[in-house]
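**Student:** fold the following, please.
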Amino acid sequence: MFYLLFVSTCMASLLSALPSYAGNEIYFAKLAEDVTVDSVAVHKADHEMLVFSQGVLLKKYVVQLGPNPVGPKQCFGDGKTPEGHYTIKYLNPKSLFHKSLGISYPNTDDIERAIKLGRSPGGDIMIHGLPNGEEHVSRKRYRNDWTRGCIAVRNEEIDELFEHVKAGIPIVITP
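**Tutor:** The predicted structure is shown next:
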């Protein structure tokens with residue numbers, strides 16, 4: 001029930017907030033220092049991640065996903081980014097990908113789906129920056145979906161999220 005309310009609130013906030021923003025400002029504005037992100041929504045088809053505080057849309061981020069992003073993650077190694085209701089499980093400042101926010105994948109539905117296929121659901125799904133050592137690689141290198149099922153943003157963006165996100169907040173990933 002909480003997640004349905006969360007999704008409804010996110011969508012209502014998104015629809016009401018969009019007309020007040022001109023152009024792409026919502027992608028480029030920095031989050032205010034005193035704001036706390038309390039929920040996240042990722043829309044895979046749009047390659048967008050939206051962050052909210054008390055139901056108000058704060059910012060959108062362009063994201064890259066796994067190389068096979070259509071449909072929910074079925075099992076380890078399928079190149080898909082999960083779909084469903086999760087939480088931000090932890091913040092990792094010493095990630096292999098600059099910094100990362102761990103996502104609570106797999107949930108019960110994910111485990112059941114993988115078991116039916118006789119496979120492992122996998123794990124270690126994160127929101128993260130670029131691989132360490134590749135910070136200065138051309139933007140073209142990371143323009144397309146390239147993760148193994150994670151959600152990737154630029155290093156400056158994961159730094160910003162690190163300042164405003166706490167473990168335990170909900171994240172909804174939709175097709």
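
**Student:** quick one, what contacts Glu163?
**Tutor:** Counting by Cβ atoms under 8 Å, 6 or more residues apart in numbering, Glu163 touches Leu31, Glu33. (Each C-beta comes from the backbone N, C-alpha and C, glycine too.)

**Student:** redo that, cut-off 10 Å
**Tutor:** By Cβ atoms under 10 Å, 6 or more residues apart in numbering, Glu163 lies in contact with Leu31, Glu33, Val35, Thr36, Val37.

**Student:** report pLDDT for the residue sitting furthest away from the middle of the chain.
**Tutor:** Relative to the C-alpha centroid of the chain, counting by Cα atoms, centre = their mean, Gly118 is the outermost residue, at 27.2 Å. Here, the pLDDT recorded for Gly118 equals 95.

**Student:** can I assume Ile88 sits in a helix?
**Tutor:** No - judged by DSSP: H, G, I helix; E, B strand; the rest coil, Ile88 forms no part of a helix; its state is strand.

**Student:** quick check: the gap between it and Ser120.
**Tutor:** 23 Å (Cβ to Cβ, to the nearest Å).

**Student:** repeat for Val62
**Tutor:** Per Cβ to Cβ, Val62 is found 30 Å from Ser120.

**Student:** kindly report the same for Lys166.
**Tutor:** On the measure of Cβ to Cβ, Lys166 and Ser120 end up 29 Å apart.
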